[in-house]
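Asks: Could you look at this predicted model? Sequence included:
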Amino acid sequence: RLATDGGESRRPMGACDTTMQLQDVASGLSQQYTNFIDALQEPIDNSVSAIVKNESYFDESEDREDDVVEICISIIKEGDLIWFIVADNGPGIPLDTLQRDIFILGGESSSGGILNNVGWGLKQSIAWFENQVNINVDIEDSARDRNFRIITRSEADGLLSVGGPIDGSLQIYSEDESLWTEGLQGDPLENKEVGTRVYLPCTFDRVDEDLWKQGPADLSTRLHALQERLGLQYRDLLKARDGNRITIRYENMDDGTTQVYEVPPLDLTYDTGLDPDYPLVDEFEITANDVTYDVTYERGIIDYDEICASAEEADSGLVTSGNKLRWYKPSQATAGVDIYANGRILMFGELDIFDRSYNPALNHFGGVVRIIPQDNNDEVPTENRKVAIDRGSELWHKLADELREFGVEEKRYSNDEDEGGEDSDDVDEDEEGNEEGEGGSDGGGEEGEGGSDERNNTEGNEDTDDEDGEGDGDSSEEETDDENEGESE
């Protein structure tokens, strides 16, 4: 009803601008991602940007009612289809903004929020999701009519919607109020007066292929890998206000089951037993293209056992029965530093910036490089998908020069210690139980897009050693690309 026909009292309000442009470039936009997690990043970032406007948000300690970020990611499985619904408690999108700004292609010279600095991301995300349904030859023909829809409610204009296909007429409608809770049953956002929901269709095959897979675990179990990633990526946001939250809601309409996952902030912990001075911290300034940034480089040898213990305390489902996280553990994928910019971890496991080749002694090396503009009106330049810092920028090259002076930390092993630092466990009991149509192949996940030979996409791909004992994961090198709202895209 929501995705196709809309509400019974639907009333046309005009069309969005730039429709002809989108018709010309939609096919190219749909090729910008290689996995659903990167594509889903964009509407999540937009939900954050609807409230968080710049880095000063993280310096203010007092909660205000209009300052709390609430995001619900509802994932609904129905046959061959998966619906992703990203909902928030932002101010909603007024009619004139929806008409004039949301579907403009690029050209953003300034941001309407901390992660809204490019102007391509939402269109690329929508085009990618719709394309997954269009190109899958195995789904029923009736499912191919499923296109994106944005539902938004603002104080100024009430409940509005605009829907796909992305290369269609993009008509805006005033909608029946009953649509406000569609797909969010049971989440507190049902009761919010304003906000935005982005509905994105995908195929089960696509999600099954991309999501962490090291054995025959069903989708409800493997979604803990998404919970883990978001807890690492948005840890600063989740700690900034007591009421801030990201909730994952999974509903399997085929068997009537539901599950809710609260995303906890997952912080890095260092092995102070190895070196009591960890983490090592250096601070410096970089001026690039007339913008000055404060940079903090924190690093050391990561205590993965302590990180895992903290995660288990927050939610026992985050760890396998082998007492390990699904992705963030000693491996080629995580060796390196996380890059924080524009409100979240933008890049995971960055090692190339140090001009270092991977070796097992770096498995436990980790840390965070934080890049904060001194002027809150400035932002860190990112590539179009907002999944990495622009590697051609003056900032990136100057950052590399500074970081190479400080170097990395390598773990030294005794003769009786495995150099890879990884153990092999028996098959985790909680990872068994195959949902129909799931499981099957080892490894899982798509190689990320974005850099030359990065190793750090977080779709749950593992290195050769299978710590969890949940199958013989294929070795793969990953890339960093991590990618709803608000008054501007």
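Replies: Arrived safely, thanks for sending. Quick caveat: nothing in here was measured; it's all calculated off a predicted structure.
Asks: Quick one: end-to-end length of stretch 273-291, please.
Replies: This stretch, stretch 273-291, spans 39 Å end to end (Cα to Cα, to the nearest Å).
Asks: Please tell me how far that stretch is from the chain's geometric centre.
Replies: Mean-position distance between stretch 273-291 and its chain equals 25 Å (Cα atoms, centre = their mean, to the nearest Å).
Asks: what is the rounded mean pLDDT of it?
Replies: For stretch 273-291, the mean pLDDT works out to 96.
Asks: how about that stretch: buried residues?
Replies: Across stretch 273-291, burial judged by 16 or more other Cβ atoms under 10 Å covers Tyr278, Pro279, Ile286, Ala288, Val291. C-beta: built from backbone N, CA, C; applies to glycine.
Asks: Redo those as CSV? Include secondary structure.
Replies: Output for these, formatted as CSV (DSSP: H, G, I helix; E, B strand; the rest coil):
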residue, secondary structure
Tyr278, coil
Pro279, coil
Ile286, strand
Ala288, strand
Val291, strand
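Asks: a markdown table for these, including distance to Phe204?
Replies: A markdown table is the format used below for those (distance: Cβ to Cβ, whole Å):
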| residue | distance to Phe204 |
| --- | --- |
| Tyr278 | 43 |
| Pro279 | 42 |
| Ile286 | 45 |
| Ala288 | 44 |
| Val291 | 44 |
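Asks: any idea which of these is closest to Tyr173?
Replies: Distance ranking of the buried residues of stretch 273-291 against Tyr173, using Cβ to Cβ, places Val291 first at 41.5 Å.
Asks: ok, that closest one to Tyr57 distance?
Replies: Distance of Val291 to Tyr57, computed by Cβ to Cβ, to the nearest Å: 19 Å.
Asks: cool, and Gly300?
Replies: Applying Cβ to Cβ to Gly300 and Tyr57 gives a distance of 27 Å.
Asks: can you check Glu306 too?
Replies: Glu306 sits 28 Å away from Tyr57, going by Cβ to Cβ.
Asks: what about the two, which has more around it?
Replies: For Glu306 versus Tyr57, neighbours defined as other Cβ atoms under 10 Å are more numerous around Tyr57 (20 against 15).
Asks: Touching, the more buried one and Val69? I think so.
Replies: No: using Cβ atoms under 8 Å as the test, Tyr57 is too far from Val69 to be in contact (9.0 Å).
Asks: Please enumerate the shared neighbours of those two.
Replies: Residues touching both Tyr57 and Val69 by Cβ atoms under 8 Å, 6 or more residues apart in numbering: Ile51.
Asks: Quick check: Ile307 touching Lys324?
Replies: No: with contact defined as Cβ under 8 Å, Ile307 does not count as touching Lys324 (10.1 Å).
Asks: Pick out whichever of the two has more residues nearby.
Replies: Comparing Ile307 with Lys324 by other Cβ under 10 Å, the one with more neighbours is Lys324, at 25 against 20.
Asks: Now Asp390. Nearest residue, chain neighbours left out?
Replies: Excluding the flanking residues, the one nearest Asp390 by Cβ to Cβ, 6 or more residues apart in numbering is Pro381, at 4.6 Å.
Asks: which ones are touching that neighbour?
Replies: Asn289, Ile389, Asp390, Ser393, Leu395.
Asks: which stretches of the stretch 301-450 of the chain form helices?
Replies: For the stretch 301-450 of the chain, helices defined by DSSP state H, counting those that start in this stretch occupy the ranges 304-314, 394-406.
Asks: so which of the ones you listed gets nearest Pro373?
Replies: Evaluated with Cβ to Cβ, those place helix 394-406 nearest to Pro373, the distance being 10.0 Å.
Asks: With only the CA atoms kept, save that closest one in PDB.
Replies: Output of helix 394-406 as PDB, limited to C-alpha atoms (Å, rounded to 0.1, in the frame of the first residue of the first chain):
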ATOM      1  CA  GLU A 394      45.600  18.400  -0.500                       C
ATOM      2  CA  LEU A 395      44.400  17.400   2.900                       C
ATOM      3  CA  TRP A 396      44.900  13.600   2.300                       C
ATOM      4  CA  HIS A 397      48.400  14.100   1.000                       C
ATOM      5  CA  LYS A 398      49.500  16.300   3.900                       C
ATOM      6  CA  LEU A 399      47.900  13.900   6.300                       C
ATOM      7  CA  ALA A 400      49.900  11.000   4.800                       C
ATOM      8  CA  ASP A 401      53.100  13.000   5.200                       C
ATOM      9  CA  GLU A 402      52.500  13.600   8.900                       C
ATOM     10  CA  LEU A 403      51.300  10.100   9.800                       C
ATOM     11  CA  ARG A 404      54.300   8.500   8.100                       C
ATOM     12  CA  GLU A 405      56.600  10.500  10.400                       C
ATOM     13  CA  PHE A 406      54.900   9.000  13.500                       C
END
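Asks: Mind giving me the packing neighbours of that helix?
Replies: With contacts defined as 3 or more Cβ pairs under 8 Å, 6 or more residues apart in numbering; DSSP states H and E, helix 394-406 has these neighbours: strand 280-288, strand 291-301, strand 365-373.
Asks: now those in TSV, with distance to Ile76?
Replies: Formatted as TSV, these follow (distance: least, Cβ to Cβ, whole Å):
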stretch	distance to Ile76
strand 280-288	44
strand 291-301	39
strand 365-373	35
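Asks: out of those, nearest to Ile102?
Replies: strand 365-373 (25.6 Å).
Asks: now the angle from the closest one to strand 291-301?
Replies: Interaxial angle of strand 365-373 relative to strand 291-301 (axes from the mean of the first three to the mean of the last three Cα atoms, to 10 degrees): 170 degrees.
Asks: Which other helices and strands does strand 365-373 contact?
Replies: Secondary elements touching strand 365-373 (3+ Cβ pairs under 8 Å, 6+ apart): strand 291-301, strand 336-341, strand 344-350, helix 394-406.
Asks: can I get the ones you listed in JSON lines with distance to Gly243?
Replies: Converted to JSON lines, these look like this (distance: least, Cβ to Cβ, whole Å):
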{"stretch": "strand 291-301", "distance to Gly243": "27"}
{"stretch": "strand 336-341", "distance to Gly243": "22"}
{"stretch": "strand 344-350", "distance to Gly243": "18"}
{"stretch": "helix 394-406", "distance to Gly243": "33"}
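Asks: out of those, which comes closest to Arg249?
Replies: strand 344-350 (21.1 Å).
Asks: Mind checking the pLDDT average for that closest one?
Replies: Strand 344-350 carries an average pLDDT of 93.
Asks: which helices and strands does it pack with?
Replies: Counting contacts by 3+ Cβ pairs under 8 Å, 6+ apart, strand 344-350 packs against helix 219-233, helix 235-240, strand 336-341, strand 365-373.
Asks: got the contact list for the last one?
Replies: For strand 365-373, the external contacting residues (Cβ under 8 Å, 6+ apart) are 55, 268, 279, 286, 291-302, 334-341, 345, 349-350, 379-380, 389, 395, 399, 403, 408-411.
Asks: And Asn377, how far from Gln332?
Replies: 39 Å.
Asks: quick one: which of the two has more around it?
Replies: The neighbour count for Asn377 versus Gln332, taken as other Cβ under 10 Å, is higher for Gln332 (25 against 9).
Asks: For Pro279, see how far away that one is.
Replies: Remark: distance between Gln332 and Pro279 (Cβ to Cβ) = 22 Å.
Asks: And Ile126, by the same measure?
Replies: Relative to Pro279, Ile126 is positioned 40 Å away (Cβ to Cβ).
Asks: what ranges of the stretch 101-250 of the chain fall below the confidence cut-off?
Replies: Across the stretch 101-250 of the chain, residues meeting the criterion (pLDDT under 70) sit at 106-113, 115-120, 137-145, 215-216.
Asks: mind listing the helices in it by residue range?
Replies: Per DSSP H, counting those that start in this stretch, the stretch 101-250 of the chain carries helices over the ranges 121-135, 204-210, 219-233, 235-240.
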